[in-house]
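Enquirer: Generate a structure from the sequence data that follows.
(one chain, ligands or ions: 1)
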Amino acid sequence: MVVPTVHSRRRVLSWVAGLGGGAIAAAPAPGPAHRAAAHPAAYRPVTARPVAARPVTARTRTYFVAADTVVWNYAPQGRDLVDGRPFDATEAQVALPGPGRLGPAYLKSRYRRYTDATFTERYTGPDDDGFSGILGPVIRARVGDTVEVVFRNNTPYPASMHPHGVFYTEANEGALYDDGSATAGKAGDAVAPGATFTYRWQVPDRAGPGPGDPSSVVWLYHDHSAGMGVPGVQAGLTGPIVVTRADAATADATPCDVDREVFALFTEFDENLSPYLKDNIARFGRGQTLDPSNAAFQNSNRKETINGYLFGNGPSGTTDDHPALTLKRGSRVRWYVLDIGGARDAHTPHWHGNTVLVHGHREDVVQLLPATTVTADMRPDDPGIWLFHCHVDEHMLSGMSTRYRVL
Ligand SMILES: [Cu+2]
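Expert: Numbering: from 1, shown residues only. Sure thing, here's the model as predicted:
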């Protein structure tokens, strides 16, 4: 809801009524409503307005999300687009097929959004910019909303959606462990292949931006169906939740004070831990006898990626001259930088050419550990094609690098 800027008494009163102060607004009296009527400009909502005060904004947002099995290519362009040349021998170990290894393509699981409960038609919207790669669909909410996710598991392995940040009951946690729940409360903890489960997550104040946050914050969701095991995440099951302050959100819950949102997941996908490992050997091994305990084979299966891509590769249309991401000079860009994985997933994303604002500090490198996120605002002012890479040497040399263009 937007505060009226036209100081019509009637509009101001209707706005106050919308805040839950209807009775007061009907008969103006000393107090907040009276002040609102007399000085609406001085009474703009502040960032920490309680959810209960804005019942008109609360909505249930329903998402239809499936876990699907796909063939994912970590390097679809087949060359090092960061350096603009064919892969060298070292890079080829993770990016090209060869003796003793699989190559760039693997069976993986992805969260994908559909238009309805028939799960026949894929949903595409403004968030599907290609750059997000393997990330699941953006689950959006305004503070005060309820999120409902109708989840279908189309993979051959158990799967779930476990959210961070939002409010959930045990039955809606999407995580399998001994939480004291009766069997009936465990249906969503590990959704069987072919089964469907509906999660309901509330989005109270504590799931939204805090006093030092910008108008929106990002959380992860991911598979948690194997207890403390990680096969589903390594298979590719993770995605973002964006919660926007109620007074800063458009109807579709995007923040109204930014022009562009960009998602960047820094993670090593370890295909040795994927439930598809045997399937991948059978499908992409080209008849070789491959020993899963062989160290060189294992190393070739560890992919240092940004959004599931290596060495600046990206969605269709990415070329040497055309990076996967283009930003407009002077625009307000919000980066949601994400991390998930293991001990090797300490990452330091670094933007060349431009800086970002994080919690009031100016940075061009931010720090991530597994399952942490950073929301960083950029106002690109420097045209060109720029590197965006993890600054951990071993990671950037192994593929955790890409480029973005500022026009
Ligand atoms: Cu790194």
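
Enquirer: From the centroid of the chain, which residue is nearest?
Expert: Centroid-nearest residue in the chain, with C-alpha atoms, centre = their mean: Pro240, separated by 2.3 Å.

Enquirer: now it, what's its secondary structure?
Expert: Classification of Pro240 using DSSP: H, G, I helix; E, B strand; the rest coil returns strand.

Enquirer: quick one: it and Leu338 touch, right?
Expert: Yes: here Pro240 reaches Leu338: they are 6.4 Å apart, a contact under C-beta atoms under 8 Å. C-beta here means a position set from N, CA and C on the backbone, and glycine is covered the same way.

Enquirer: overlap in contacts of the two?
Expert: Any residue near both Pro240 and Leu338 by C-beta atoms under 8 Å, 6 or more residues apart in numbering counts here, and that gives 135, 218, 220, 263, 373.

Enquirer: A strand includes the fourth one, no?
Expert: Pointing back at Phe263 there. Yes: counting by three-state DSSP, one finds Phe263 located in a strand.

Enquirer: How about the residues of the stretch 201-350 of the chain by the ion?
Expert: Proximity of the stretch 201-350 of the chain to the ion, by C-beta under 5 Å from the ion, involves residues His347.

Enquirer: for whichever residue of the stretch 201-350 of the chain sits closest to the ion, what are its contacts?
Expert: Distances between the stretch 201-350 of the chain and the ion by C-beta to the ion are smallest at His347, namely 3.4 Å. For His347, the contact set (C-beta under 8 Å, 6+ apart) comprises 266, 339, 367-368, 390, 392, 395, 400.

Enquirer: Would you work out how far apart the start and end of stretch 176-195 are?
Expert: Counting by C-alpha to C-alpha, to the nearest Å, you get 16 Å between the two ends of stretch 176-195.

Enquirer: related to what we said a few turns ago, bridging residues for the nearest residue to the residue of the stretch 201-350 of the chain closest to the ion once chain neighbours are set aside?
Expert: Here the nearest residue to His347 in space, its sequence neighbours aside, is Phe266; by C-beta to C-beta, 6 or more residues apart in numbering that works out to 4.1 Å. Phe266 has the following beta-bridge partners by DSSP bridges: Ile306, Asp339.

Enquirer: Surely Phe266 touches Ile306?
Expert: Yes: checked against C-beta under 8 Å, the pair Phe266 and Ile306 is within contact range at 6.0 Å.

Enquirer: The residue nearest to His347: what's it in contact with?
Expert: 305-306, 337-339, 345, 347, 349, 368, 390, 395, 400.

Enquirer: pLDDT (mean, whole number) over stretch 209-223?
Expert: Averaging pLDDT along stretch 209-223 yields 97.

Enquirer: tell me how far it is from the chain's mean position?
Expert: Averaging C-alpha positions (C-alpha atoms, centre = their mean, to the nearest Å) puts stretch 209-223 10 Å from its chain's average.

Enquirer: ok, and the closest non-adjacent residue to Ile281?
Expert: Nearest in space to Ile281, with sequence neighbours left out and distances taken as C-beta to C-beta, 6+ apart, is Leu290 at 5.2 Å.

Enquirer: so that neighbour touches Pro99, yeah?
Expert: No: assessed by C-beta under 8 Å, Leu290 is found out of contact with Pro99, at 9.9 Å.

Enquirer: Could I get the CA-only coordinates of the longest strand along the chain as PDB?
Expert: Counting residues, the longest strand found in the chain (DSSP state E) is strand 60-73. The C-alpha trace of strand 60-73 is given here as PDB (Å, rounded to 0.1, in the frame of the first residue of the first chain):
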ATOM      1  CA  THR A  60      -1.500 -15.900   0.200                       C
ATOM      2  CA  ARG A  61       0.900 -16.400  -2.700                       C
ATOM      3  CA  THR A  62       0.700 -19.800  -4.200                       C
ATOM      4  CA  TYR A  63       3.600 -21.300  -6.100                       C
ATOM      5  CA  PHE A  64       3.600 -24.600  -8.100                       C
ATOM      6  CA  VAL A  65       7.100 -26.000  -7.900                       C
ATOM      7  CA  ALA A  66       8.400 -29.400  -9.100                       C
ATOM      8  CA  ALA A  67      11.700 -31.000  -8.500                       C
ATOM      9  CA  ASP A  68      12.500 -32.200 -12.100                       C
ATOM     10  CA  THR A  69      15.400 -34.400 -13.400                       C
ATOM     11  CA  VAL A  70      17.200 -32.500 -16.200                       C
ATOM     12  CA  VAL A  71      20.500 -32.800 -18.100                       C
ATOM     13  CA  TRP A  72      22.500 -29.800 -16.900                       C
ATOM     14  CA  ASN A  73      25.500 -28.600 -18.900                       C
END
